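> One predicted model, sequence on top.
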Amino acid sequence: MLTAGLLAVSGITALSSAARAADADLARNGGFESGLDNWSCTAGTTVGSPVHSGGSALQATPAGSDNAQCAQTVTVQPGAQYTLSGYVRGSYVYLGASGTGTTDVSTWTQSAPDWQKLTTTFTTGASTTKVTIYTHGWYGTGAYYADDISLVGPGGATGQPPAAPTGLKTGTVTSSSVGLSWTAVTGATSYAIYRNGVKVQTATGTSATATGLTPSTAYSFQVTAVNDAGESAKSAAVTATTTAGSSGGSTDLPTHALVGYLHASFANGSGYTRLADVPDSWDVIDLAFGEPTSATSGDIRFNRCPVTECPNVESDADFKAAIKAKQAAGKKVLISIGGANGQVQLTTTAARDAFVSSVSNIIDTYGLDGLDIDFEGHSLSLNTSDTDFKNPTTPVVVNLISALKTLKAKYGSKFVLSMAPETFFVQMGYQFYGTGKFGGQDPRCGAYLPVIYALRDDLTLLHVQDYNSGPIMGLDNQYHSMGGADFHIAMTDMLLTGFPVAGDAGNVFPPLRPDQIAIGMPASTNAGNGYVAPAEVTKTLDCLTKKTNCGSYATHGTWPAMRGLMTWSVNWDRFSNWEFQKNFDAYFG
């Protein structure tokens, strides 16, 4: 009897092990390492910090009428037991399952300042083959995080992924969109659209429109079919080139514009240049600089150069008359805020409001066309928890965005808004963003990206300072240094192509329009590090607008509608016998 009993127990143990071996983790992309693939989210994104494990986690931000749910539907077996678990951070974070066929379940935490594991179990109904697992926050309570979500139990009959779609073709093409259609695939529940090899959107039918594209740019598209079993191979590729679109928009800039900073509040080795003496070649003149009364006041003052420093300075009346004359000739005159010595940190809403009021006063006093943001140094940096450029939380960034949107709304569509960030604050974001997932990085890395992104529809010109810069990694994953055309080509290509921020393919900074881009260069060797001779300027323009005369860097497109060039400065170019201006005029006619 003892032997028989032992055999019986052994048989039971063997059976239990076999049953357990059939269990599997059925949640797809539960660690969010592939962005939001397989998840449907109302207000979610992936971030590189904080994470529980791996390189990514979910960040979702509830609103007043949205609890920021992320969900996926999983194939299960009827009458089987399942364990749902995951790690969360934040307040009022929920993890649950619906459509179980028995009792739907959820578990939650009121407060998890660090990663906390949530676990619940359920048994499926007698005819249940699919359940939906989800996580969500609570209305208006701030962002929550989730990672390593798993659903362990016996897998359902998943079948086979569908066949690859056929018949992909393009339809209507505009300056910013391409229509696509394809043949239906048997068994497909949805389709994924890839642009230049990167998945950009999904569709439930057999057509879609790719939007947010750059004018005069060639794109390659492919489509895959998706069902519960997975994703098909990609279809054959089709290509389309967007149309040129408008040139100039409501701000009436010429197709190709020359932008320069005029030393209006100080003198240096280049000497003072009266506004009336600026040649007609200059289409946008940025008055340098408006500066704050203190770094955090938001109170901007524009003090013209005193006679003691600038003996040939014109009177206020003549200065205002010169502005009107330039405008009558079709030129734009802006006030530039910041500069190397003008640190501006809008840390409070009071500073934001002071910024709006004081900048408005300068614009109204002198009758200016708009505003240039030249925040440098420590004006912009990101808080440690601020990891998503599309949803910034750092006060100095949020308040600046709010202030600029207020000014744009106040002055209307003809208000010219430009920005002149340094490469460290923009293209450096391809490698690093803020302090990084492990901390220790410079919090200023990429700090301009959320401002540019938020104002992309209001932004007239972005002219990154391609000077006084250290080596920057381009989209070819090679470092590029100042001193030749390749640096300008690589840096500009990043803006016109878009790039994953901090290497996260699921978090891409989208391309700007060519008409929004001017390349920032020093006018002479005296003006700043990174000067290149006129021949290198011409090579840069040839490569980006014609795809000729290129060097070692291979661009991702051709942009004949690129707006033009910016230089520091008008004064230094005059000092150098107008070398920069003459080269621009010779190139664009």
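That came in fine, so what should we check first?
> what about Lys547, neighbour count?
When neighbours are defined as other Cβ atoms under 10 Å, Lys547 has 14 of them. The way it works is simple: take the backbone N, C-alpha and C, and place the C-beta from them, glycine included.
> Thr224 pairs with what?
Bridge pairing for Thr224 (DSSP bridges) gives the partners Ala192.
> which residues sit in contact with the residue lying closest to Gly370 once chain neighbours are set aside?
Nearest residue to Gly370, sequence neighbours excluded (Cβ to Cβ, 6 or more residues apart in numbering): Val416, at 3.1 Å. Taking Cβ atoms under 8 Å, 6 or more residues apart in numbering, we find Val416 in contact with 251, 253, 284, 332, 334, 369-371, 460-461.
> what's Val416 sitting at in phi/psi?
phi -90, psi 120 (degrees, to the nearest 10).
> Look up how far Trp138 lies from Ser111.
Separation of Ser111 from Trp138 (Cβ to Cβ, to the nearest Å): 11 Å.
> Between the two, which has more neighbouring residues?
Neighbour count, other Cβ under 10 Å: between Ser111 and Trp138, Trp138 has more, with 17 against 10.
> Just the element for that one, please.
Under DSSP states H and E, no helix or strand contains Trp138.
> who touches it in this structure?
62, 67, 91-92, 94.
> Apply 7 Å and report the result again.
62, 67, 92 (Cβ atoms under 7 Å, 6 or more residues apart in numbering).
> again with Lys326
Residues near Lys326 by Cβ under 7 Å, 6+ apart: 275, 285, 333.
> Identify those among those that sit within strands.
285, 333 (DSSP state E).
> now, which of the contacts of Lys326 sits nearest Asp542?
Closest approach to Asp542 among the contacts of Lys326 (Cβ to Cβ): Ile285, at 26.7 Å.
> So that closest one versus Leu461, what's the distance?
13 Å.
> just Thr211 next, same as before
For Thr211 relative to Leu461 (Cβ to Cβ), the value is 23 Å.
> can you check Thr129 too?
Applying Cβ to Cβ, the value for Thr129 to Leu461 is 56 Å.
> Just give the nearest non-adjacent residue to Tyr191, would you?
Here the nearest residue to Tyr191 in space, its sequence neighbours aside, is Ala203; by Cβ to Cβ, 6+ apart that works out to 4.9 Å.
> check contacts around the one you found.
Shown in contact with Ala203 (Cβ under 7 Å, 6+ apart): 190-191, 193.
> which residues in the stretch 1-150 of the chain form strands?
23-25, 40-41, 44-47, 57-60, 70-75, 81-98, 105-123, 130-136, 144-154 (DSSP state E, counting those that start in this stretch).
> average pLDDT across the second one?
Predicted confidence along strand 40-41 averages 86 (mean pLDDT).
> Give me the contacts around that strand.
Contact partners of strand 40-41, identified using Cβ under 7 Å, 6+ apart, comprise 60, 70-72.
> Mind listing the strands that strand pairs with, and their directions?
Strand pairing for strand 40-41, determined by DSSP bridges: strand 70-75 (antiparallel).
> Then the longest one?
Strand 105-123 has the following sheet partners, assigned by DSSP bridges: strand 81-98 (antiparallel).
> and the strand it pairs with, which residues are buried?
For strand 81-98, the neighbour count (16 or more other Cβ atoms under 10 Å) marks 82, 84-97 as buried.
> what angle do it and strand 130-136 make?
Here the directions of strand 81-98 and strand 130-136 differ by 60 degrees (axes from the mean of the first three to the mean of the last three Cα atoms, to 10 degrees).
> Could you give the separation of the helix or strand containing Thr540 from the chain centroid?
Here Thr540 sits within helix 534-546, counting by DSSP H and E. Relative to its parent chain, helix 534-546 has a centroid offset of 26 Å by Cα atoms, centre = their mean, to the nearest Å.
> Same question for stretch 94-108.
Offset of stretch 94-108 from its chain centre (Cα atoms, centre = their mean): 36 Å.
> Can you give the contact residues for that stretch?
In contact with stretch 94-108 (Cβ under 7 Å, 6+ apart) are residues 84, 86, 88, 92-93, 118-120, 122-125, 127-128, 130-136.
> about what we covered before: a markdown table please, covering the contacts of Val416 and showing neighbour count.
Below are these laid out as a markdown table (neighbours: other Cβ atoms under 10 Å):
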| residue | neighbour count |
| --- | --- |
| Thr251 | 19 |
| Leu253 | 23 |
| Val284 | 29 |
| Lys332 | 24 |
| Leu334 | 25 |
| Asp369 | 23 |
| Gly370 | 22 |
| Leu371 | 27 |
| Thr460 | 29 |
| Leu461 | 27 |
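> for those, which one is nearest Ala354?
Out of the contacts of Val416, the member with the shortest distance to Ala354 (by Cβ to Cβ) is Leu371, at 15.0 Å.
> Residues in a beta bridge with the closest one, which ones?
Ile335, Leu417.
> sorry, back to before: out of the contacts of Ala203, give me the one that has the most neighbours.
Tyr191 (26 neighbours).
> Pretty sure Pro514 sits against Thr214.
Yes. If you go by Cβ atoms under 7 Å, Pro514 and Thr214 touch, sitting 6.3 Å apart.
> what's the overlap in contacts for these two?
With Cβ under 7 Å, 6+ apart as the test, Pro514 and Thr214 both reach Leu496.
> ok, back up a step: which one of the strands of the stretch 1-150 of the chain lies closest to Cys310?
strand 44-47 (49.5 Å).
> buried sites along the helix holding Thr540?
Buried-residue list, helix 534-546, by 16+ other Cβ under 10 Å: 536-545.
> show me where the stretch 151-300 of the chain has strands.
Under DSSP E, counting those that start in this stretch, the stretch 151-300 of the chain gives strands at 169-173, 178-181, 190-195, 198-203, 207-210, 218-227, 230-231, 238-241, 257-263, 284-292, 300-301.
> right, I mislabeled it, should have said the stretch 301-450 of the chain
Counting by DSSP E, counting those that start in this stretch, the strands of the stretch 301-450 of the chain are 332-339, 370-375, 416-419.
> Can you lay out these as JSON lines showing mean pLDDT and distance to Ala409?
Shown next, in JSON lines, are the strands of the stretch 301-450 of the chain (pLDDT from 0 to 100; distance: least, Cβ to Cβ, whole Å):
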{"stretch": "strand 332-339", "mean pLDDT": "96", "distance to Ala409": "18"}
{"stretch": "strand 370-375", "mean pLDDT": "97", "distance to Ala409": "13"}
{"stretch": "strand 416-419", "mean pLDDT": "97", "distance to Ala409": "11"}
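> closest one to Thr166 among those?
strand 416-419 (45.1 Å).
> low-scoring stretches of this protein, by residue?
Along the chain, segments meeting pLDDT under 70 span 1-22, 157-159, 245-251.
> ok, which stretches of it are helices?
2-22, 316-328, 349-366, 395-411, 449-454, 485-497, 534-546, 570-575, 579-588 (DSSP state H).
> need the ones you listed in TSV with distance to Val508, can you?
Listed next are those as TSV, based on distance: least, Cβ to Cβ, whole Å:
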stretch	distance to Val508
helix 2-22	39
helix 316-328	38
helix 349-366	29
helix 395-411	19
helix 449-454	11
helix 485-497	10
helix 534-546	21
helix 570-575	36
helix 579-588	31
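> From Val426, how far out is the spatially most central residue of the chain?
In the chain, the residue lying closest to the centroid (Cα atoms, centre = their mean) is Phe509, at 2.8 Å. Per Cβ to Cβ, Phe509 is found 9 Å from Val426.
> Quick check: nearest residue in space to Leu404, chain neighbours excluded?
Per Cβ to Cβ, 6+ apart, closest to Leu404 is Leu455, 5.7 Å.
> again, but for Phe499
Counting by Cβ to Cβ, 6+ apart, Phe499 lies nearest to Tyr430, which is 4.7 Å off, once chain neighbours are set aside.
> check contacts around the one you found.
Counting by Cβ under 7 Å, 6+ apart, Tyr430 has contacts 473, 494, 499.
> same thing but 8 Å
Contacts of Tyr430 (Cβ under 8 Å, 6+ apart): 473-475, 494, 499-503.
> Highest neighbour count among the residues you listed?
Val501 (26 neighbours).
> From Gly142, how far off is that one?
22 Å.
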